[in-house]
Every structure is written in structure tokens, then in C-alpha cells.
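Student: model this:
(one chain, ligands or ions: 1)
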Amino acid sequence: MQRRSIFIKTTLAALALATIAGTALAQGYPNKVIKLQIPFAPGGTTDIIGRVIAEPLGKALGQTVVVENRAGGGGVVGATELARATPDGYTLGMATVSTTAANPAINAKIPYNTLTDFTPIINIAATPNILAVHPSFPAKNFKEFLAEVKKSPGKYSFSSSGTGTIAHLQMELFKNLNATFITHIPYRGSGPALNDTVAGQVNMIFDNLPSALPFVLQKRLVPIAIAAPQRIAALPDVPTFKELGLEPVNRMAYYGLTAPKGLPRDVVDKINAATKKALEDPAVRKRIEDTGSLVIGNTPEQFAEQIKAEYEVYKKVVTSAKLTLE
Ligand code: GLU
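Tutor: As a prediction, the model looks like this:
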């Protein structure tokens, strides 16, 4: 009993100290450069959204926000590093559906717990996904595409932003639902995956729309289907997976800010408010919307809920379609 009360007192004292430390931290925060870590290679959507927000976020916080790419393992290398960083607000990371939901759902060996090892701060944007082929591929629309991949299982390959990413899982689901086989070629992010696909070294790519859209508009990639609630204004003739009867593949991606677990609430609120301020700027909104994305800007609780819900969705997908990393 006595031991228990000592424990409670110690815990309360520790909590009080943490709160005081947090408040003190928030008062002086930020007083040095902030690092925004991108867990994918340059040229991908995480990089695009991260770089759009870094400068106006820094302006709103009164400090410079520097972007650093830490690619590898479908975003797991960077996310692991972020989870182990000091929760002082000077190391922030871009959280994606891949690092927070898809990869943790399929890969039991991930060295972080997506629900407890991070402090969700804000979801910045939701982005559609796209399946697109190299112009040499013998199909220009979904009907022809499906006939071709079903006719020759194993003949074609697709590129993705990495093992266990949303791009990888959605394509595995697509293959599963259509009883066909397409070889997976993982990259360190969509940037390098796009380069090789546009060069014709891989037949097709499943990507987040922002990074793929410029190549589609330049006709260097042919769009086959979009994962979004409705068709995209920039590509009005491209059907959604939902229209094609493939509702499970019709999921969007998200890009938000997280910190290591234990970031004091005052600092979370400061970064959340500064990001919202940045997102109110019409020029920043336009840069995000021009990529085909939706600006979100929610609360830390809403973002945490969203991560949890999406993680549950991917766990169900992995179980029901019996997806594995082998
Ligand atoms: N596909 C990744 C995701 O949505 C991002 C890929 C990239 O930024 O290169 O999480």
C-alpha cells in the first residue's frame, strides 16, 4: 500500500515536472532551426507536400524549417529514426499513410508502434492515387489494361515507392481481386520509381497523384485509373477504381506532421496553429490543390484518430486478402 502511494506520488511529481518542462519549452519554442524529416526520396509526394509546407510553416513559427530526406524501407527507415528522436519540437517528420498505416499493418517487424511512438500534430493534405502505364504498354484504358495483365500473368512489372507502402499494398490488392500477377519493383520513393517508369524500365507505376500528375499531363505516362471519391478535374476521362467495381483499391493517401512521442502539448498546439496559418495562405493552398490534393488542416486528435482508423483498414486488407511481404 505504502509502496503504491510512493509510486503514485512519484508519478504525479514526474507528470508535474513534465508539464512545467513542457510549458517552459513552449514559451521559448522555437529558438533554433527545426528539421522536417521526409521518409522518402526527393520527387515523391511526401517530398512535394513537405517542401510546400516547410517555408510557410517556418515563417509562421518565426524559425527556419529545413527539409531532410531519409529514404528507405518504404518509409520505415525515416519513421524509425523519427520515433527515436528527442521530443523537443526540433525534429518533426512527415507522416504518410505508408509509414503510419500500410507498412505497420503488413510488416510485423517494424521497430515502432504506429499508435504509441509518435505525437500526431496535423494532417496537411489528402491525395488521390493513380495507376499509370508507360506509353509503350499495349493498353490505353482500364478495359484493355485488365485484359492484357490477365492474359499474361507475370509478364509485366510495376514500380512503387517502396515495400509495404500504400502503392505496394494497393497493387497487391488489385492483383488479388483480379487474379493476376504483376512483379513488384520497390524504390526508395516515388521520385526514383517515376524516373525508371517514364524511362520504360518498368511497365507501370502505382503512385500518389501529386508526383505522377506532371508526367501524365506531359503524356509520358498513360493514366489507367484513379483512387479518389470522384474523378479528378485535371483528368476528367480517367475513371475511379470505385467506378470500375474495385472499391477496396479506391483509397486516398495522407500527408501530415508528427513528432516523437512525448512532445509537450503546448508545442503540439503551437505547431498545429502555425501549420493552419500556413494553410490559410491562398498561395500555399493553391500549390497543394494544383497537385490534385485536398487541403485538410485538422486537430491533433482528429489526425490521431485518422491514423488509427487507416491502420485498422490496412490490417483488415492484409488479413482478408492474405497479403504478405514475400
Ligand atoms: N507512397 C508514399 C506514401 O503515400 C509516398 C511516396 C513518396 O513520397 O515517394 O506514403
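
Student: ends of stretch 105-120, how far apart?
Tutor: Stretch 105-120 has its terminal residues 18 Å apart, counting by C-alpha to C-alpha, to the nearest Å.

Student: residue contacts, the spatially most central residue of the chain?
Tutor: With distances taken as C-alpha atoms, centre = their mean, Thr96 lies nearest the centre of the chain, 2.1 Å away. For Thr96, the contact set (C-beta atoms under 8 Å, 6 or more residues apart in numbering) comprises 39-40, 45-46, 75, 166, 253-255. (Each C-beta comes from the backbone N, C-alpha and C, glycine too.)

Student: swap in Thr180?
Tutor: Here Thr180 is in contact with 149-150, 153 (C-beta under 8 Å, 6+ apart).

Student: narrow these to those that are buried.
Tutor: In these, burial by neighbour count holds for Val149, counting by 16 or more other C-beta atoms under 10 Å.

Student: need the contacts of Thr180 in a markdown table (columns: distance to the ligand and pLDDT).
Tutor: Listed next are those as a markdown table, based on distance: C-beta to the nearest ligand atom, whole Å; pLDDT from 0 to 100:
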| residue | distance to the ligand | pLDDT |
| --- | --- | --- |
| Val149 | 21 | 97 |
| Lys150 | 26 | 96 |
| Pro153 | 25 | 94 |
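
Student: please tabulate the contacts of Thr96 in JSON lines, including the columns secondary structure.
Tutor: Listed next are the contacts of Thr96 as JSON lines, based on DSSP: H, G, I helix; E, B strand; the rest coil:
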{"residue": "Pro39", "secondary structure": "coil"}
{"residue": "Phe40", "secondary structure": "coil"}
{"residue": "Thr45", "secondary structure": "helix"}
{"residue": "Thr46", "secondary structure": "helix"}
{"residue": "Gly75", "secondary structure": "helix"}
{"residue": "Ile166", "secondary structure": "helix"}
{"residue": "Ala253", "secondary structure": "strand"}
{"residue": "Tyr254", "secondary structure": "strand"}
{"residue": "Tyr255", "secondary structure": "strand"}
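
Student: from the residues you listed, which are also near the ligand?
Tutor: 40, 45-46, 75, 166, 253 (C-beta under 6 Å from any ligand atom).

Student: whichever of those residues end up buried, select them in PyMOL.
Tutor: Buried residues within the ones next to the ligand among the contacts of Thr96, by 16+ other C-beta under 10 Å, are selected in PyMOL with:
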select buried, resi 40+45+46+75+166+253
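
Student: the ones next to the ligand among the contacts of Thr96 into a markdown table, with extra columns for pLDDT?
Tutor: Formatted as a markdown table, those follow (pLDDT from 0 to 100):
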| residue | pLDDT |
| --- | --- |
| Phe40 | 98 |
| Thr45 | 97 |
| Thr46 | 98 |
| Gly75 | 97 |
| Ile166 | 96 |
| Ala253 | 97 |
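
Student: the longest strand in this structure is where?
Tutor: If you go by DSSP state E, the chain has its longest strand at strand 118-127.

Student: and the helix or strand that comes right after that strand, what other elements does it pack with?
Tutor: Once the chain leaves strand 118-127, the next helix or strand it forms, by DSSP states H and E, is strand 129-133. Packed against strand 129-133, as judged by 3 or more C-beta pairs under 8 Å, 6 or more residues apart in numbering; DSSP states H and E, are the following elements: helix 166-177, strand 204-208, helix 209-217, strand 222-227.

Student: relative to strand 129-133, what are the paired strands and their orientations?
Tutor: Note on strand 129-133: by DSSP bridges, its sheet partners are strand 204-208 (antiparallel), strand 222-227 (antiparallel).

Student: returning to what we had before: in helices, which of the contacts of Thr180 fall?
Tutor: Among the contacts of Thr180, the members found in helices (DSSP state H) are 149-150.

Student: show me where the chain dips below the pLDDT cut-off.
Tutor: Residues of the chain meeting the criterion pLDDT under 70: 1-25.

Student: again, only using 80
Tutor: Across the chain, residues meeting the criterion (pLDDT under 80) sit at 1-27, 326.

Student: beta partners for the residue of the stretch 201-326 of the chain found nearest the ligand?
Tutor: In the stretch 201-326 of the chain, the residue that lies nearest the ligand is Ala253 (4.0 Å; C-beta to the nearest ligand atom). Per DSSP bridges, the residues bridged to Ala253 are Thr127.

Student: quick one: contacts for it?
Tutor: Ala253 is in contact with 45, 96-98, 126-129, 166, 208, counting by C-beta under 8 Å, 6+ apart.
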